[in-house]
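Participant: okay, here's the prediction I keep looking at, along with the sequence it came from:
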Amino acid sequence: MADRGLHDPAAADGTVVDPGAWHIYRGTGRPREGTPGIDLLPPPPPWRRFSGGPLVEEPAPQDEAEFTRRLGPADGPVPRTASVQEKDLVNAALMLRRPLIVAGPPGIGKSSLAHCVSRELGLGRVLRWNITSRSTLKEGLYSYDAIGRVQEAAARGALLGPAVGALSGEAAGKPPAEPGSDGLHNIGDYIQLGPLGTALLPRVVPRVLLIDEIDKADVDLVGDLLSVFEEGEYRIPELARMRARMPDAEVHTDDPDGTAFVHHGLVRCAAFPVVVITSNGERVLPPAFLRRCLYLELPPPDADQLAAVLSAHLADGDDEHRAVMIRDFLARSRTGGTLAADQLLSSEFLRTTPSGPGRHSWNELLHALWRRLDGAGTGG
């Protein structure tokens, strides 16, 4: 095959390119020293550029406690070794501004990949949308508490008299009063952006969004996501109807105590979010959906990767006994059904803690802890 000039440090225009620039994501789950990883991200392709505004200036909130819980301390051992394929696909998704589907059996660290990316690139708290069979696109974008707004109007009307009935009139189809003239809170007080809606706010630096277990989604949700991923925007009709009288509304976001302004009822991203979608491989996703995403299949962790997970979360234990535990765990997983790394982590914690179980009950307890995840029974 002819040389296509891949990773050539000299660009077509003669600009010298750092040969390591491709590896913005290195798969360590540890923050970069010096320049934040996201600052190394080149501009998006022309067809993935978005022009949302007004820009949200505040940085994304941090959540180091959650990163530590999932990945271990930032200055501790590296929790996992990323494969070349993983690093290449994550970096391709970053540069193309496309969602990344991460598939594999339960418990192998698919959702942790989103936290690895966010911590390593300095993107702050991960927004998480847990999918169920009842999930809808609107749930991920925003919710509007119309009943709460009417109830507060009624309560204020009872306290302050009939002059505060403007909102009730609007609910009944009558023209509403000007914003604030009835003493009520802004309509934005009753609008809560969901994880997807928050991720699409216009930011210079993207947020990380984890859409967990897409397998559970109704087929309509998978189809509805296509338009949002392509357009990078959505409309809030409750605000769009009032844009002449209230062009900017402050709404709640999915971040703790977070708020943001929405202009004319339209939310359009400026930097497309880093979207990680997990799948247990329990259903076939539509070709149109797969075409707009990148697809990464994560294999079950091997002995070295499991040892790295234990070292990241637990103090160094007896290497010989730990190696035996990992060996037995892998053997049980091969013969007794799928097991998750969390099950090994739990058993190793109990084995090494001074107040853990005695030897007489250990084998029976381990049998219960290593119960198979891919079907009924205990795997024994």
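Facilitator: Received it, and whenever you're ready, just let me know what you need.

Participant: and the helices in the stretch 151-300 of the chain, which stretches?
Facilitator: For the stretch 151-300 of the chain, applying DSSP state H, counting those that start in this stretch gives helices covering 166-171, 195-199, 219-231, 237-240, 287-291.

Participant: these: which one's closest to Leu366?
Facilitator: helix 195-199 (36.9 Å; CB to CB). Heads up, the C-betas are built off the backbone N, CA and C, glycines and all.

Participant: give the buried residues for the closest one.
Facilitator: Neighbour-count burial for helix 195-199, counted by 16 or more other CB atoms under 10 Å, picks out 195-199.

Participant: okay, it in PDB with CA atoms only?
Facilitator: Listed in PDB are the C-alpha atoms of helix 195-199, where the atom choice follows Å, rounded to 0.1, in the frame of the first residue of the first chain:
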ATOM      1  CA  PRO A 195     -27.400  16.000  31.500                       C
ATOM      2  CA  LEU A 196     -27.600  16.200  27.700                       C
ATOM      3  CA  GLY A 197     -29.100  19.700  27.800                       C
ATOM      4  CA  THR A 198     -26.300  20.900  30.100                       C
ATOM      5  CA  ALA A 199     -23.600  19.400  28.000                       C
END
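
Participant: what's the offset of that helix from the middle of its chain?
Facilitator: Distance of helix 195-199 from the chain centroid (CA atoms, centre = their mean, to the nearest Å) equals 10 Å.

Participant: ok, and what's touching that helix?
Facilitator: 127-129, 137, 140-142, 206-211, 228, 234, 253-255, 258, 260, 267, 269, 273, 275 (CB atoms under 8 Å, 6 or more residues apart in numbering).

Participant: list the contacts of Val275.
Facilitator: Residues counted as contacts of Val275 (CB under 8 Å, 6+ apart) are 98-100, 199, 209, 211, 229.

Participant: need those in a markdown table (columns: distance to Arg243 and pLDDT).
Facilitator: Below are those laid out as a markdown table (distance: CB to CB, whole Å; pLDDT from 0 to 100):
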| residue | distance to Arg243 | pLDDT |
| --- | --- | --- |
| Arg98 | 31 | 97 |
| Pro99 | 30 | 98 |
| Leu100 | 35 | 98 |
| Ala199 | 23 | 98 |
| Leu209 | 27 | 98 |
| Ile211 | 30 | 98 |
| Phe229 | 25 | 96 |
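
Participant: and of the residues you listed, the nearest to Ala331?
Facilitator: Leu100 (31.9 Å).

Participant: what helix or strand does the residue lying closest to the closest one once chain neighbours are set aside sit in?
Facilitator: With CB to CB, 6 or more residues apart in numbering as the criterion, Leu100 has its nearest non-adjacent residue at 4.1 Å, and that residue is Ala93. When secondary structure is defined by DSSP states H and E, Ala93 falls within helix 84-96.

Participant: so which elements touch the helix or strand just after that helix?
Facilitator: As assigned by DSSP H and E, the chain's next helix or strand after helix 84-96 is strand 100-103. Counting contacts by 3 or more CB pairs under 8 Å, 6 or more residues apart in numbering; DSSP states H and E, strand 100-103 packs against helix 84-96, helix 110-121, strand 274-279, strand 294-297.

Participant: of the helices of the stretch 151-300 of the chain, which is nearest Glu120?
Facilitator: Set against Glu120 and scored by CB to CB, those come closest in helix 195-199, at 18.1 Å.
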